[in-house]
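K.L.:
Please work out how this folds:
(chains A and B)
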Amino acid sequence: MTSASVTSASSTVKVRRSTMASYIALAVSIVVVIALAIGPFAFLTKGNQQNLVTLFIYIIMGTMWNLLAGYAGMVSIGQQAFIGVGAYGVVYAADQMGVGPIAAIPVALVIAGVIGYLVSFLAFRLSGGYFAIGTWVIAEVIKLVTTQIQTLGAGSGISLTAFSGYKPALRIATVYWMGLASVVIAVAVTYLLMRSRLGTGFTALRDDPTAAATLGVNVTRSKRIIWVAAAMGCGLAGALLAENTLRVQPDSVFSVQLTATMLFIVVIGGIGTIEGPILGAIVYFALEHFLVDLGAWYLVILGIVAIIMVLFLPQGLWGLISGRGRISLFPTGYRLMSNQASTTPVANASADTTA
Amino acid sequence: MQWANAVVQGVILGGLYALLAAGLSLMFGVMRLVNLAHGALAIVAAYMGMVLVNETGIPPFATLLIVVPVMALAGWILQRTLLNTALNRQALAPILVTFGLAVILQNLMLELFTADNQSIDVGSLAGASIQITPNIAVGVFPLLTFVVGVAVIAGLQLYLAKTTTGRAMRATSDDREAAQLMGIDHRNIYALATAIAVGLVGLAGVFLGVRTQFNPTFGDVTLIFAFEAVIIGGLGSLWGTLWGGIILGVAQVVGAQAFPSSGVLLGHIVFLLVLAFRPTGLFPKVVNG
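P.N.:
Reported below is the predicted structural model:
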């Protein structure tokens, strides 16, 4: 979308952000979203819609975890905290504050964001692996505190009743449309965030923290913005989870398994790209359906696959498909294009691949 | 007197936490690697001990002669294969790999042993206690665990301070390239450190399995408690880890005395308070370990 000319002694080079592939991807995405939006009138059963909401939740979860780990280098094992806060938040807002099931979602989002902001001051005292366990402890604390609150159903959980006036078909379609809107917004915001000055700063940070700090990238502030954004995104996923299942239980919405799911989605799909977590969520969703009979073995297999991918295919499946970042459907970086053959990049300063 | 009793029981519980945390502290100290599979490995050792006692009928303490070497060997292999490779990859790789390993181990145990609670039977020792004052009685086994915890921390500290390989570990921790120039192969040092750490996890896991009931998901809290002990005490300090374990144990037991069913939460809150006000821990490092 932005392009500027750089003249050098030998030839003219253009800096480009978008490519033909990215324009096509945008067009295809719009068509797919429109098709999905009219789905409930045409080709999607109630069961299909509920399953797709689960897929949307996975895409949001993967995208948020990737925002943290893939772009900002923060591995959190505590994102279930915000899933739980979002799930409880939506029930509290819809039923007890009485704002209704639709307006309850932004309320839950704000609650997750505020809690995320507050706990960042504790979590950011730690780094690396200890940051990972520290976020997990914070998630445990939030869960244990939640189970002490009687109006939230204490240890046994709480049901969402705000939909009681809706017919099932309308309720399911409403949740489905909100899920679709959420996934579009979550991916779009992540994409725009990573194309912004902030995203460029993170690319610089990832490549060389010292140089980036010298050039004025405010590390802590940037990380906090990403952290709060990811908390809100996970809160959104939790809110959709509660509305899709109508029941919130502390042991399931605060389960560390949710973060394990995010990790698998991101590692399988490809860390540090917009496309990776979307692809990973689709693969995870499909595997879950096909391997449901395997029980715990399913997670054993996923764990082994994830380790192999981290060690030997760190770019994930998207890395394989895109030829290590040469094709980018949602480009966040800058490319130098030769003017003579403007379709071939002469140098790739893309932010789409992790170092 | 109830409170004095709670403090004494908390201190003794802290010995178990220090024992559990020693390996985590060592691995971080030597190679800056946080092993997220640490808790799951402790539970693997507990199941190993349980199976040996139930199947062969050997005394519970004799199982240590098998569990500890097997776990140490497993740690050595783990480091030489997975973890050394992970340390050479991008910065996130060790965290992702050890978390993946934790998921694998936990779910393998779920398949093999179900989610039922188990424990290792030590017969009459389980109920034996010593009367200290009319109101305070200390269980013999918990006391033994505490003593072993202190001995392990002291032994590890001595090992790092006095032996040639211990010095090599500290040297590798301080400056890997310089240590390499002195002829130290860091891959061997790392493998040795992980062998010791996982062997100690094996020891801790068997004690844990005798002391409390456990199931495959207990790896999570085990990791969290061990981590809290390390952070409360201060990164890189083994004696700090012992104190961290004791503070955590006291916070949990005294907390449970004050607010039944909230002991664990109060332990977490003490940890968060330390993080908020003394992020370097209460006992910052003196000797690198």
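K.L.:
Regarding chain B, what is its longest helix?
P.N.:
The helix of greatest length in chain B, counted in residues with DSSP state H as the criterion, is given as helix B:2-31.
K.L.:
Show me what that one is packed against.
P.N.:
Judged by 3 or more CB pairs under 8 Å, 6 or more residues apart in numbering or on different chains; DSSP states H and E, the packing partners of helix B:2-31 are helix B:38-56, strand B:136-139, helix B:140-162, helix B:164-174, helix B:186-211, helix B:218-233, helix B:238-258. In short, each C-beta sits where N, CA and C put it, glycine included.
K.L.:
so after the fourth one, what's the next helix or strand?
P.N.:
Right, the one you point to is helix B:164-174. Toward the C-terminus, helix B:164-174 is succeeded by helix B:176-181 as the next helix or strand (DSSP states H and E).
K.L.:
Please report how far whatever residue of the stretch 1-150 of chain A ends up closest to chain B lies from residue B:33.
P.N.:
When distances are taken as CB to the nearest CB, the stretch 1-150 of chain A approaches chain B most closely through residue A:129, which lies 2.3 Å from it. In this structure, residue A:129 and residue B:33 are 7 Å apart, going by CB to CB, to the nearest Å.
K.L.:
tell me the pLDDT at residue B:98?
P.N.:
For residue B:98, the model assigns a pLDDT of 94.
K.L.:
Return the per-residue confidence for the residue of the stretch 1-150 of chain A closest to chain B.
P.N.:
Value for residue A:129, per-residue pLDDT: 78.
K.L.:
pLDDT below threshold where in chain B?
P.N.:
B:284-289 (pLDDT under 70).
K.L.:
my guess is residue A:294 meets residue A:301, correct?
P.N.:
Yes - because the distance of 7.3 Å satisfies CB atoms under 8 Å, residue A:294 is recorded as touching residue A:301.
K.L.:
Residues in contact with both of the two, list them for me.
P.N.:
In terms of CB atoms under 8 Å, 6 or more residues apart in numbering or on different chains, residue A:294 and residue A:301 are not both contacted by any residue.
K.L.:
if we can go back for a sec, which residues are in contact with both of residue A:129 and residue B:33?
P.N.:
Overlap between the neighbourhoods of residue A:129 and residue B:33 consists of B:94, B:98, taking contacts as CB under 8 Å, 6+ apart.
K.L.:
Quick one: name the residues of the stretch 251-355 of chain A near chain B.
P.N.:
Near chain B, the residues belonging to the stretch 251-355 of chain A are A:256, A:260, A:263, A:267, A:271, A:295-297, A:299-300, A:302-304, A:306-307, A:310-311, A:314, A:354-355 when assessed by CB under 8 Å from any CB of the partner chain.
K.L.:
Report the separation between residue A:129 and residue A:188.
P.N.:
Distance from residue A:129 to residue A:188, counting by CB to CB: 32 Å.
K.L.:
before we move on, back to that, so what does the helix or strand where the residue of the stretch 1-150 of chain A closest to chain B lies touch, helix or strand wise?
P.N.:
Residue A:129 belongs to helix A:128-146 when assigned by DSSP H and E. For helix A:128-146, the packing partners by 3+ CB pairs under 8 Å, 6+ apart come out as helix A:80-91, helix A:100-123, helix A:256-269, helix B:93-113, helix B:218-233, helix B:263-277.
K.L.:
could you say what helices and strands whatever helix or strand comes next after it packs with?
P.N.:
Scanning the chain past helix A:128-146 towards its C-terminal end, the next helix or strand to appear is strand A:158-159 (assignment: DSSP H and E). Contact analysis of strand A:158-159 by 3+ CB pairs under 8 Å, 6+ apart lists helix A:80-91, strand A:247-248 as its packing neighbours.
K.L.:
can you pull the contacts of residue B:99?
P.N.:
Residues counted as contacts of residue B:99 (CB under 8 Å, 6+ apart) are A:77, A:132, A:260, A:263, B:36-37.
K.L.:
With neighbour count and distance to residue B:158 added, can I get the residues you listed in a markdown table?
P.N.:
Converted to a markdown table, the contacts of residue B:99 look like this (neighbours: other CB atoms under 10 Å in any protein chain shown; distance: CB to CB, whole Å):
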| residue | neighbour count | distance to residue B:158 |
| --- | --- | --- |
| A:77 | 26 | 34 |
| A:132 | 26 | 31 |
| A:260 | 21 | 39 |
| A:263 | 30 | 39 |
| B:36 | 28 | 28 |
| B:37 | 25 | 27 |
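K.L.:
what helix or strand is the spatially closest residue to the residue of the stretch 1-150 of chain A closest to chain B that is not a sequence neighbour on?
P.N.:
For residue A:129, the nearest residue in space outside its immediate sequence neighbours is residue B:34; the separation is 2.3 Å by CB to CB, 6 or more residues apart in numbering or on different chains. Assigned by DSSP H and E, residue B:34 belongs to no helix or strand.
K.L.:
Please list all residues in contact with the residue in chain B positioned nearest to chain A.
P.N.:
Residue nearest to chain A within chain B (CB to the nearest CB): residue B:34, separated by 2.3 Å. Contacts here follow CB under 8 Å, 6+ apart; on that basis residue B:34 touches A:128-130, A:132-133, B:24, B:27-28, B:94-95, B:98.
K.L.:
Chain B contacts on the stretch 51-200 of chain A?
P.N.:
Contact residues (CB under 8 Å from any CB) of the stretch 51-200 of chain A with chain B: A:69, A:73, A:75, A:77, A:121-122, A:125-126, A:128-130, A:132-134, A:136-138, A:140-141, A:144-145, A:148.
K.L.:
What subset of those is buried?
P.N.:
The neighbour count (16 or more other CB atoms under 10 Å in any protein chain shown) marks A:69, A:73, A:75, A:77, A:122, A:125-126, A:128-130, A:132-134, A:136-138, A:140-141, A:144 as buried among those.
K.L.:
Got the phi and psi for residue A:75?
P.N.:
Comment: the main-chain dihedrals of residue A:75 come out as phi -90, psi 110, following degrees, to the nearest 10.
K.L.:
quick one: pLDDT of it?
P.N.:
With respect to pLDDT, residue A:75 scores 89.
K.L.:
ok, the most centrally placed residue in chain A - contacts?
P.N.:
Residue closest to the mean C-alpha point of chain A, counted by CA atoms, centre = their mean, is residue A:63 at 2.0 Å. For residue A:63, the contact set (CB under 8 Å, 6+ apart) comprises A:186-187, A:190, A:233, A:274, A:277-278.
K.L.:
In helices, which of the residues you listed fall?
P.N.:
Counting by DSSP H, the contacts of residue A:63 place A:186-187, A:190, A:233, A:277-278 in helices.
K.L.:
Serialize those to a markdown table and add fields for pLDDT.
P.N.:
Formatted as a markdown table, the ones in helices among the contacts of residue A:63 follow (pLDDT from 0 to 100):
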| residue | pLDDT |
| --- | --- |
| A:186 | 93 |
| A:187 | 93 |
| A:190 | 90 |
| A:233 | 95 |
| A:277 | 94 |
| A:278 | 94 |
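K.L.:
which of these are buried?
P.N.:
When neighbours are counted using 16+ other CB under 10 Å, the ones in helices among the contacts of residue A:63 contain these buried positions: A:186-187, A:190, A:233, A:277-278.
K.L.:
of those residues, closest to chain B?
P.N.:
Among these, residue A:277 lies closest to chain B (CB to the nearest CB), at 14.4 Å.
K.L.:
how near is residue B:162 to residue A:109?
P.N.:
Separation of residue B:162 from residue A:109 (CB to CB): 57 Å.
K.L.:
Compare the two and say which one has the larger neighbour count.
P.N.:
Taking neighbours as other CB atoms under 10 Å in any protein chain shown, residue B:162 and residue A:109 compare with residue A:109 leading, 25 against 9.
K.L.:
contacting residues for the more buried one?
P.N.:
By CB under 8 Å, 6+ apart, the neighbours of residue A:109 are A:86, A:89, A:232, A:235-236, A:239.
K.L.:
So residue B:130: helix, strand or coil?
P.N.:
Classification of residue B:130 by DSSP: H, G, I helix; E, B strand; the rest coil places it in strand.
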